[in-house]
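Colleague: Got a predicted structure here, sequence first:
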Amino acid sequence: MERNTEKKRLKIKRKIQEENEPGKYVRLNKPGGSQDEGNKVKKFEKKLKLEKKLKKLKSEVMSSDNEESEVKTTELSPISQELDINKVLNQLNFDKPSIISGIHALFKILEQKKNENQLLDLDTPIFLLLSSFKVPICPARTVRLPLKHMLHDEDSTVCFIVSDVDGIIKKEHEKVAEYYEKLFIEKGVETKINKILPLHELKTEYNEFEMKRKLLATYDVFFVDGKISKYVSKHLGKIFYKKRRLPIPIRMEHGMAQKMKYAMLRTSINIQGHGNSYSVQIGHCHMKVMEIFENILTACEALAKEFPGGWENIKVVNLKTDLSMAVPLYISLKNPDEIQVPKIRGKRAKSCNVYSDELSTKNNSKVTVYPSGRVLVEQLSAKKRKRNN
C-alpha cells in the first residue's frame, strides 16, 4: 500500500513539474522532497478531485430533469386475463346494473348526435372523468393503467422511435430503419410497425409544430426506445401530452415482443397536484357494452392502488365523450373532513446534491456548486478557517 501511494505522489509531482516547465521531463528517483513540493501535491490532488466532481455534476444536471416537472411512467407488468367481476365490484362499491345502464345511456346520446355530426363514424373515444375529495401534493407523472380489451384494433398504425446506431451515419435514415427491421424480426416482434423513425430524423424533420401535429395525426400508437424516452417526450412537447399520446417506452431487451403486446393493452392518466379532475380513456364508440364495462373495472381496480390517497380519495366517477354530457357511474358519500390530503414525494435525483470544497486556485476560498449549475465562490474569514481546521 505504501509503495502504491508513493508511486501516485511521484506521478503527481511529474505533472506539476511538466506544467511549470513544459517540454522537460524531470525524473524523481527518491520520494519525499521539500515542504513546498508537498503543499503543491496536496493542492493538485484537491484540484483533481474538484474537477471530477464538477464533471460528474454537469453530466447529471444535463441528463436529469427538474423533479417537479418530470413525467414518470410505471413499468409494464403482465396483465391478468381473468377478471373477477364480483370481487372488483365489492372492492370499489360499484353497482353493476347502474354502470351498464350508464353505458347504454351514453350510446343513446351518441346515436342522437350521429346525424348531426358525421365524425362519429370514426372511433370517438370514451373517457372516465374522475373527481377527488382532496387535491394531492405530488410531482407530475403519467401512470399507465391496464385494460381488459385493447383500445386499438389490428388496422391501427404504429410508429416506433429508435435511437441512432453506432457505425451508421446518422443522416442515412433508411439504413438505420433496415437495421431495426432485422432486429425486430430476430426479437420475434409480431406487432405490425408501420414506421421506424430514427432519432436524428425526428430532430431534423419534425422540429416545427406543424410537422409534429402531422406526425400525431398520421399514427395511432407510438413506441420509443427506453434509452431515449425522456428526451423524445420533451421534444414532442405539449401537443402529444394533451392528447395522451406520449410514446410508450420499451426496453430493447429479451421479451420485447411480449412487452409490446402488454403496452397495447394499456391506457394512461396524467396525475398532477394542480386540480381534482382527471380523465382517462377506456374505450371508443365501436366497442361493445360489456367490453367497456370490463375496461372500467380493470382501470378502476388499478386506480385504487395508483391514485394518490387510494379509492377513498375518489369522489365521483363519470362516463363521457367529447361530444356528450357526463353520465354518472359512482358517487361517494364520505365526509371530506375525514380524508387527509395525500402527499407523495418523488425520488430525489442525484443531481440535487450540493457539492462544496476548498478552492485550490485561490487562497482562503471555498467553492459551492448547486444543482441548477450555479457556482458560488466565498472568501473564508479567520473564524471559519479555524472551524474548518
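Modeller: Okay, I see it. Numbering: from 1, shown residues only.
Colleague: Low-confidence ranges, the protein, go.
Modeller: Within the chain, the segments meeting pLDDT under 70 span 1-83, 115-122, 346-352, 382-389.
Colleague: domain ranges for it?
Modeller: Here the domain assignment for the chain is 67-150+265-345, 153-260, based on automatic domain parsing.
Colleague: Where does residue 282 fall, secondary structure wise?
Modeller: strand 277-284 (DSSP states H and E).
Colleague: and the domains of the chain as CSV, adding distance to residue 381 and mean neighbour count?
Modeller: For the C-beta atoms, the positions are set from N, CA and C on the backbone; glycine is no exception. Below are these laid out as CSV (distance: least, Cβ to Cβ, whole Å; neighbours: other Cβ atoms under 10 Å):
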stretch, distance to residue 381, mean neighbour count
domain 67-150+265-345, 34, 16
domain 153-260, 43, 16
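Colleague: quick one, strands of the stretch 151-300 of the chain?
Modeller: Secondary structure of the stretch 151-300 of the chain (DSSP state E, counting those that start in this stretch): strands at 158-162, 195-198, 221-225, 248-250, 266-271, 277-284.
Colleague: Let me have the ones you listed in JSON lines, adding distance to residue 320 as columns.
Modeller: Shown next, in JSON lines, are the strands of the stretch 151-300 of the chain (distance: least, Cβ to Cβ, whole Å):
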{"stretch": "strand 158-162", "distance to residue 320": "28"}
{"stretch": "strand 195-198", "distance to residue 320": "32"}
{"stretch": "strand 221-225", "distance to residue 320": "23"}
{"stretch": "strand 248-250", "distance to residue 320": "25"}
{"stretch": "strand 266-271", "distance to residue 320": "15"}
{"stretch": "strand 277-284", "distance to residue 320": "8"}
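Colleague: Could you dump the domains of the chain into JSON lines and include distance to residue 371?
Modeller: As requested, these are exported to JSON lines (distance: least, Cβ to Cβ, whole Å):
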{"stretch": "domain 67-150+265-345", "distance to residue 371": "9"}
{"stretch": "domain 153-260", "distance to residue 371": "17"}
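Colleague: Residue 373: which of the ones you listed is closest?
Modeller: domain 67-150+265-345 (15.4 Å; Cβ to Cβ).
Colleague: to the chain's geometric centre, what's the distance from that closest one?
Modeller: 21 Å (Cα atoms, centre = their mean, to the nearest Å).
Colleague: swap in stretch 181-188?
Modeller: 26 Å.
Colleague: could you dump that stretch to PDB, C-alpha only?
Modeller: Output of stretch 181-188 as PDB, limited to C-alpha atoms (Å, rounded to 0.1, in the frame of the first residue of the first chain):
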ATOM      1  CA  GLU A 181     -36.300  -4.100 -39.000                       C
ATOM      2  CA  LYS A 182     -33.900  -7.100 -38.900                       C
ATOM      3  CA  LEU A 183     -33.600  -6.600 -35.100                       C
ATOM      4  CA  PHE A 184     -37.400  -6.800 -34.600                       C
ATOM      5  CA  ILE A 185     -37.500 -10.000 -36.700                       C
ATOM      6  CA  GLU A 186     -34.800 -11.500 -34.500                       C
ATOM      7  CA  LYS A 187     -36.700 -10.500 -31.400                       C
ATOM      8  CA  GLY A 188     -39.900 -12.100 -32.700                       C
END
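Colleague: And the contacts of it?
Modeller: 193, 196, 252, 254, 256, 257 (Cβ atoms under 8 Å, 6 or more residues apart in numbering).
Colleague: OK, contacts around residue 367?
Modeller: Contacts of residue 367 (Cβ under 8 Å, 6+ apart): 50, 356, 357, 358, 359, 375, 376, 377, 378.
Colleague: List the ones among those residues that fall in strands.
Modeller: 356, 357, 358, 375, 376, 377, 378 (DSSP state E).
Colleague: ok, so what distance separates the second one from residue 374?
Modeller: Taking Cβ to Cβ, to the nearest Å as the criterion, residue 357 is separated from residue 374 by 16 Å.
Colleague: what does residue 202 give?
Modeller: 32 Å.
Colleague: Residue 251 now?
Modeller: Taken as Cβ to Cβ, the span from residue 251 to residue 374 is 35 Å.
Colleague: show me the contacts for residue 94.
Modeller: 88, 297, 300, 329, 330.
Colleague: Is the fourth one part of a helix or strand, or is it coil?
Modeller: Read that as residue 329. strand (DSSP: H, G, I helix; E, B strand; the rest coil).
Colleague: start at 32 instead
Modeller: Okay, residue one is now 32; in that scheme the one you just asked about reads as residue 360.
Colleague: wait, it sits on residue 349?
Modeller: Yes. Counting by Cβ atoms under 8 Å, residue 360 touches residue 349, with 6.4 Å between them.
Colleague: Report the beta-bridge partner residues of the closest residue to residue 162 other than its chain neighbours.
Modeller: Spatial nearest neighbour of residue 162, chain neighbours left out: residue 347 (4.2 Å); criterion: Cβ to Cβ, 6 or more residues apart in numbering. Applying DSSP bridges to residue 347 gives these bridge partners: residue 162, residue 362.
Colleague: And the helices in the stretch 82-231 of the chain?
Modeller: Ranges of helices within the stretch 82-231 of the chain are 116-123, 127-145, 204-218, 230-236, based on DSSP state H, counting those that start in this stretch.
Colleague: same check, this time on the stretch 282-420 of the chain
Modeller: Ranges of helices in the stretch 282-420 of the chain, per DSSP H, counting those that start in this stretch, are 287-295, 320-337, 413-419.
Colleague: If anything else comes up later, I'll come back, but that's it for now.
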